[in-house]
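Asks: The sequence and its predicted three-dimensional model are supplied below.
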Amino acid sequence: MPVDQEHFTHCNDYPTDTGGFSDDIEGLLEVNEEEHSSSGEFIDAFPGSAEVYEGGHTFLGLFDEDENSVHRVNNPYYPFSGWKDWEVESWLLRSGLSMGKIDSFLSLEMIKALPLSFCSAKELRSRVEQLPSGPRWMSKVIEMSHPTKSPVILYWRNPVECIASILNNPSFQDHFHFMPHKIYTTAERKCRIYSEWMTSDDAWNMQSMLPNGTTLLGTILSSDKTNISALTGDRVAHPLLISLANIFMKTCAKMTSDSFLLTALLPVPKFIHKNRRMRGILEDRLIHQCLDIVLELLKQAARVGSLTLTQLEVVRSQADPLNLEVFFREAQKFWLNGVIKPFWSDWILAKPSHFFTPEMLHHFHWEFYDHDAKWLINAVSELEIDFRISKLKQVTGQCHRDIQCSIIAVSTDAAPRTVLTAIRALMDFRYLIQASCIDDNDLKCISSALAEFHANKDAIITAGIRRGEGKKIITNWHIPKIELMQSVVPSICNTSVPMQWSADATEHAHITAIKDPARSSNNNNYDPQICHYLDREEKCRRFDLATGLLDPYKVKLAPGGFDEGDDEDEGDEDDIPADLLFTIPVPGRSQPITNYFVVAQHLRHKDVGSVPLPLRTFTVGRTAFHLAYSPSIRTITINEVAVKFGLPDLRAALVDFLYREATHGQHHVHSIGGGQRADPHVQLPFDNLQVWFKLCLQNTDFHENSNIEPAQTLNCIPPCDTWPCGHFDPVIANTEVGFLWPASGLQGAFLHVVRLICHSVIQLRLIMRPIQTAGNTCHNHFLTYAQCFDIVPVLGSNAPDPSTQLHILKRAKAPVNLVPRFGITADSRLTAHNSLEHCSEFWLNKYWDKQLFFSLST
């Protein structure tokens, strides 16, 4: 059991009646045992689970039980004089100012003239101590059998109180799942869907072992050492964070949702022992000893047997645990790490093979950086890989994500095909398990991808590209992270999709719960100062939340209950009126994004004449389009546009377009490609155009239509100093009626064994709008000039390349990424600004974006 890993996520059950926490969840529990959802899914809810009991404590009920509640009858802001007094106090405490600087601020003559109820930092903090408290901190000195350089002190809070604090937090209202349920794609229940933890087998099986009416709460524990001091001091903290698996996945992923609470600061002592490895064993034992203390109240008296515990009994019978070297040698025979008593040994229903869940960053992305990327770099050469990636205009070259998204495409033709097949299979595996919703068919694809890697992995060793230190060739497959991949499919069935166990939220919690408090300390004896800081911070947060609910004149919580900041995403939304601008928070982003779907909906219902036509923001299916109110070029002749953008057949293309519109109607879906049949000298009903250089596209999540993705900007910039060949982005466009992106994928349907292409990959060359003239009706439309990429047949069909599973495109509704087909050696004349124009063949890179991957993999 690798409990000495730096990060793990623990998920186990905590049965309770809901009356102990909040009686506001009744509306969430009205689920039929059999239900057909609006999305076409069929749901079986666990019968008789999650009953509601009377007599529980709500958030405000606990707030009113405080000893100072009698003073808040007339003044809800007691011990402060009122809202404004509390507002100043709250800002000062959260500003990061030291007590000395706060005193200096309060001593200013202008500030002294304000009717504040406090006049010093000490008095301010004393008032904060009177506020209602959350879970209280405790400490304990741990007696050690081996000497340490300083006393070992554990700081922790009651984990049950932490769970109760999360459960009755009003911000999470309507953000919980309390009933285990199984989701199926059809009424026959043949294909199971896994998404939230409550859809997993573990949740269902655990509920079946609990008394009727009990509510199952999944406990998430996350532990990861983090540095406190920067550059100097070697100060490390080891926080233990706790949360509930019942919280909606997308809510828990929000950085500022406060879904994780710090429940303990595990000690990080320095043991006095000459053997470094033995010091590591002592640290592991201490972690388990402290976890056993902290989590005691979450455990049940019954013990559940397991193979690991049986093996530990054998080890203890062969060696004295106090004799570290001998005990460790015996433990290694069973691949154990020398811990005497695992913290989970007396925790009912606890199974390490289930509760240690896979985590994307530490297990799979690091596996790519440590192995896959190095294999391809060794196969292609570091200089060649670096040159190829630097020639992609979308790649910054500064982050690992860009390398992971493009390395398969840039390595093609330069790496051996069997090597590329093996690494591509791992890439498919990595992408498939990142879906927010996985069904039984997806599980087969995940297993097939892993099996394909194992079938081709020997080519990596044969090519001599698996190397260790000093470029020494390694001829074995002793890679724990790859071995872990075998357990992913069973883990998805047991605990549902891996994405809900992402470390993004906990990594962010390390900043707010450890690093920020440490910066406000005196850089000495960090742990107690962090506890005091968090205690004051939580008192302020709870007080602010309670007074916000009690005072009708106070500003309420932002929509969704979580403050994600006030800045919008980048784009052209500056010209959107304030009453039409709608933003939504997105997990992983510190700023909200503009929701162009809602903007388009409101624009459609505006009175005629109140907004410019055609609408600058509109939707087609699952895609929203947005153009700036003001065009980049307000007026320009057709001939001037043709010269500026290098489009000699522009006039003929416009004539052909108008002919098709007149023949088939305005709602006709035009084909893309082929020559123009019109005379280029034919007169048009308009002479001038408006031109836009940018277009924003926004799509919904592939698996969840209700989840809005951040908008992406498409460029259509004519040649200039920065872009000598222009900057024209590629997209996927729908060319057949009856097929929609992304459900149809790149391929549409089969007809007489010939595959029809119902979506085309195009390059935007011009975004325009004819200027109104007499008899011209085209001014009510935005038009684009596009150049089409032809798919190069592979093995006689339009299927993707068998090694890379990428389509090859040749020059002939979603942004796409094209990678030049560099060949065995890339042309040294290529640059990031000309590669898209000078290359003749490209790879359609489905790995650039997860949504694109799922769409092109259908």
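Replies: Noted; the coordinates are in hand. Just so it is clear, the model here is predicted, and its values are computed rather than measured. Numbering: from 1, shown residues only.
Asks: ok but residue 512 is inside a strand, no?
Replies: No: counting by DSSP: H, G, I helix; E, B strand; the rest coil, residue 512 is not found in a strand; it is helix.
Asks: show me the contacts for it.
Replies: Shown here is residue 512, which makes no contacts under the criterion Cβ atoms under 8 Å, 6 or more residues apart in numbering. Heads up, the C-betas are built off the backbone N, CA and C, glycines and all.
Asks: mind listing the strands for the stretch 451-600 of the chain?
Replies: 583-584, 593-594 (DSSP state E, counting those that start in this stretch).
Asks: weakest of those in terms of mean pLDDT?
Replies: Per-segment mean pLDDT for those reaches its minimum on strand 583-584, at a mean of 66.
Asks: so where's the stretch 601-750 of the chain uncertain?
Replies: 664-681, 735-750 (pLDDT under 70).
Asks: Helices of that one, residue ranges please.
Replies: For the stretch 601-750 of the chain, helices defined by DSSP state H, counting those that start in this stretch occupy the ranges 638-644, 650-664.
Asks: For the ones you listed, give me a markdown table that also has mean neighbour count.
Replies: Output for those, formatted as a markdown table (neighbours: other Cβ atoms under 10 Å):
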| stretch | mean neighbour count |
| --- | --- |
| helix 638-644 | 15 |
| helix 650-664 | 17 |
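Asks: who wins for proximity to residue 623 among these?
Replies: Taking Cβ to Cβ, helix 650-664 is the member of the helices of the stretch 601-750 of the chain nearest to residue 623, at 21.2 Å.
Asks: Check the gap between residue 544 and residue 350 for me.
Replies: Residue 544 sits 37 Å away from residue 350, going by Cβ to Cβ, to the nearest Å.
Asks: just to revisit the earlier point, mind putting the helices of the stretch 601-750 of the chain in a markdown table, distance to residue 43 included?
Replies: Below are those laid out as a markdown table (distance: least, Cβ to Cβ, whole Å):
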| stretch | distance to residue 43 |
| --- | --- |
| helix 638-644 | 55 |
| helix 650-664 | 44 |
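Asks: closest to residue 441 out of these?
Replies: helix 650-664 (38.3 Å).
Asks: Distance across stretch 103-122, terminal residue to terminal residue?
Replies: Using Cα to Cα, to the nearest Å, one end of stretch 103-122 lies 9 Å from the other.
Asks: Relative to residue 721, which of the helices of the stretch 601-750 of the chain is closest?
Replies: It is, among these and with distance given as Cβ to Cβ, helix 638-644, at 14.3 Å.
Asks: what comes into contact with that closest one?
Replies: In contact with helix 638-644 (Cβ under 8 Å, 6+ apart) are residues 636, 647-648, 650-651, 654, 684, 686-689, 691, 718-719, 766, 768.
Asks: What is the nearest of those residues to residue 823?
Replies: Among those, and counting by Cβ to Cβ, the member closest to residue 823 is residue 719, at 26.5 Å.
Asks: burial count for that closest one?
Replies: If you count neighbours by other Cβ atoms under 10 Å, residue 719 ends up with 14.
Asks: Quick check: it touching residue 646?
Replies: Yes: here residue 719 reaches residue 646: they are 7.0 Å apart, a contact under Cβ atoms under 8 Å.
Asks: Report the set of residues contacting both of those two.
Replies: Jointly contacting residue 719 and residue 646 under the rule Cβ under 8 Å, 6+ apart are residue 726.
Asks: ok, back up a step: between residue 544 and residue 350, who's got more neighbours?
Replies: Each of residue 544 and residue 350 has its neighbours counted (other Cβ under 10 Å); residue 350 has more, 21 against 16.
Asks: Wait, a helix at the more buried one?
Replies: No: counting by three-state DSSP, residue 350 falls outside a helix, being coil.
Asks: Can you report phi and psi for it?
Replies: Phi and psi for residue 350, reported as degrees, to the nearest 10, are phi -80, psi 120.
Asks: what's the closest non-adjacent residue to it?
Replies: Among residues not flanking residue 350 along the chain, residue 344 sits closest, at 4.2 Å (Cβ to Cβ, 6 or more residues apart in numbering).
Asks: Where does that neighbour sit, in terms of helix or strand?
Replies: According to DSSP states H and E, residue 344 maps onto no helix or strand at all.
Asks: Please settle this for me: is residue 70 part of a helix?
Replies: Yes: checked against three-state DSSP, residue 70 lies within a helix.
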